[in-house]
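> need coordinates for the below:
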Amino acid sequence: MAVDSSKVFWIRSRTVLISLSLVVLVGGFALPARSQQSPAFQGALGVYDLPGTQASAGEQQPDQQAPGSISGKVVDQSGAAIGGARVKLSRDDQSPSQEILTDSDGQFSFADVAPGPFHLTITSQDLTPQTFDDTLHPGQAYSLPLVMMMVATQVTEVRVGVTPLERAQDEVNEEDKQRMFGVIPNFFVTYDPHPVPLTPKLKFKLAWKSSVDPFTFLAIGAVAGAEQAGNQWRGYGQGAQGYGKRYGATYADVFGGTFVGGAVLPSLLKQDPRYFYQGSGSKGSRILHALASSVMCRGDNGNLEPNYSNIGGAFASGGLATLYAPPGSRSGARLVVSTALIRIGETAVANVFQEFFIRKVTPGARRRTEAQP
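A predicted model of the protein is given here:
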């Protein structure tokens, strides 16, 4: 049977149109779901994104340089807020540091802080400083744990030393123990190469110690006995009465000369009544030093000056001798001058012995001088 070609064309054409209509219809139902995601071109063959409609990578990531903040609170050991504490913020880079003070509630805050490592130093008077190191992230509001500041450790510096007065007291305590052969007083000499001046009280202490020492009484008794044996000061007579007068006169001479020349005048004139042992140098220089010390002395100011104290003490002894000398022996000025010169000479001789012999027989004195640098 022959088929009409026009009918076949019509049937095919309608079939194509129906297929195309179904494609368009299906694409139209899918359009709303696709359009919610991004603008696109919709066609019969599919959906295509338009150029320039995708978000950039920078818009999808957070800002890496967003500033943050740092805050905290400072309290003491009791938990009370510390106002006025200094908080310093510094960075590892070269940016300048920032400083603020805590408020009355102990609070502090740094705003607009660039992210990165940071260092905090918190200080307050009389309190131990506190430090913190950490890293601030972009946009972070960093809050420090409660900052507790402790009372700073008190350091007291104690300087241990001896005052000049204490040194002088120590010197006299050593000197009033000095005895030749452990028996004969040797008080008025110092073996210290750097002695300090004595106070008037210490000068009187040495004089009193020397005047009332038991050996002094024994020595005066021996002198009085020798004078009586040689019948000196005949006006005193002999026997116990004569011996007693000689003993009293000799002791008055020693006591007066010691106190006037060793305490009274040295205190008034500010001179040192002691002999200053040299112990070094040539023999000639040491002899000269010993002889000169009877008429020259060291002042309390350390300067060398005429020994008015020893000279005055010698003349004082001569003057006292005229008061108790027997009537036939009182020759006025002659007695005063002769007695003074004898005492000055005795001092010079005693000083030479001090320089070359007495130290060697004075226990303790030798050890002290050898211990000196």
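> any figure for the gap between residue 212 and residue 194?
The gap separating residue 212 from residue 194 is 30 Å, by Cβ to Cβ, to the nearest Å. C-beta here means a position set from N, CA and C on the backbone, and glycine is covered the same way.
> same question, residue 313
The spacing between residue 313 and residue 194, counted by Cβ to Cβ, is 26 Å.
> again with residue 211
Computed as Cβ to Cβ, the residue 211 to residue 194 distance reads 28 Å.
> check residue 246 too.
Distance from residue 246 to residue 194, by Cβ to Cβ: 43 Å.
> so the two - more neighbours on which side?
Between residue 246 and residue 194, counting by other Cβ atoms under 10 Å, residue 246 is the more crowded of the two (24 against 7).
> can you confirm the more buried one is in a helix?
Yes. Under DSSP: H, G, I helix; E, B strand; the rest coil, residue 246 sits within a helix.
> need the contact list for it.
By Cβ atoms under 8 Å, 6 or more residues apart in numbering, the contact list for residue 246 reads 224, 227-228, 232-233, 236.
> ok, which stretches of the stretch 151-300 of the chain are strands?
Counting by DSSP state E, counting those that start in this stretch, the stretch 151-300 of the chain has strands at residues 179-180, 184-185, 189-190, 275-276, 296-298.
> so for residue 264, which of those strands sits nearest?
strand 296-298 (14.8 Å; Cβ to Cβ).
> quick check: buried residues in the closest one?
Judged by neighbour count using 16 or more other Cβ atoms under 10 Å, the buried positions of strand 296-298 are 297-298.
> helices and strands around that strand, which ones?
strand 304-306 (3 or more Cβ pairs under 8 Å, 6 or more residues apart in numbering; DSSP states H and E).
> from the chain's centroid, how far away is the strand it packs on?
Here strand 304-306 is found 38 Å from its chain centre; the criterion is Cα atoms, centre = their mean, to the nearest Å.
> next one: stretch 224-237
Taking mean C-alpha positions (Cα atoms, centre = their mean), stretch 224-237 and its chain are 66 Å apart.
> same question, stretch 300-317
41 Å.
> with just CA atoms, put that stretch into PDB.
What follows is stretch 300-317, C-alpha atoms only, in PDB (Å, rounded to 0.1, in the frame of the first residue of the first chain):
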ATOM      1  CA  ASP A 300      94.500  64.600 117.700                       C
ATOM      2  CA  ASN A 301      94.300  66.000 114.200                       C
ATOM      3  CA  GLY A 302      97.200  63.700 113.200                       C
ATOM      4  CA  ASN A 303      99.700  66.500 112.700                       C
ATOM      5  CA  LEU A 304     103.200  66.600 114.300                       C
ATOM      6  CA  GLU A 305     103.500  69.500 116.900                       C
ATOM      7  CA  PRO A 306     105.500  70.400 120.000                       C
ATOM      8  CA  ASN A 307     104.800  68.100 122.900                       C
ATOM      9  CA  TYR A 308     103.500  70.800 125.200                       C
ATOM     10  CA  SER A 309     101.800  68.100 127.200                       C
ATOM     11  CA  ASN A 310     104.900  66.200 128.200                       C
ATOM     12  CA  ILE A 311     106.900  69.400 128.800                       C
ATOM     13  CA  GLY A 312     104.100  71.000 130.800                       C
ATOM     14  CA  GLY A 313     103.700  67.800 132.800                       C
ATOM     15  CA  ALA A 314     107.400  67.800 133.600                       C
ATOM     16  CA  PHE A 315     107.400  71.400 134.900                       C
ATOM     17  CA  ALA A 316     104.200  70.600 136.800                       C
ATOM     18  CA  SER A 317     106.000  67.900 138.600                       C
END
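> same question for it, mean pLDDT?
Average pLDDT, stretch 300-317: 88.
> try stretch 275-295
92.
> now do the buried residues in it.
Residues of stretch 275-295 classed as buried by neighbour count (16+ other Cβ under 10 Å): 275-278, 286, 289-291, 293-294.
> what of stretch 184-201?
Buried residues in stretch 184-201, counted by 16+ other Cβ under 10 Å: 184-192, 195-199.
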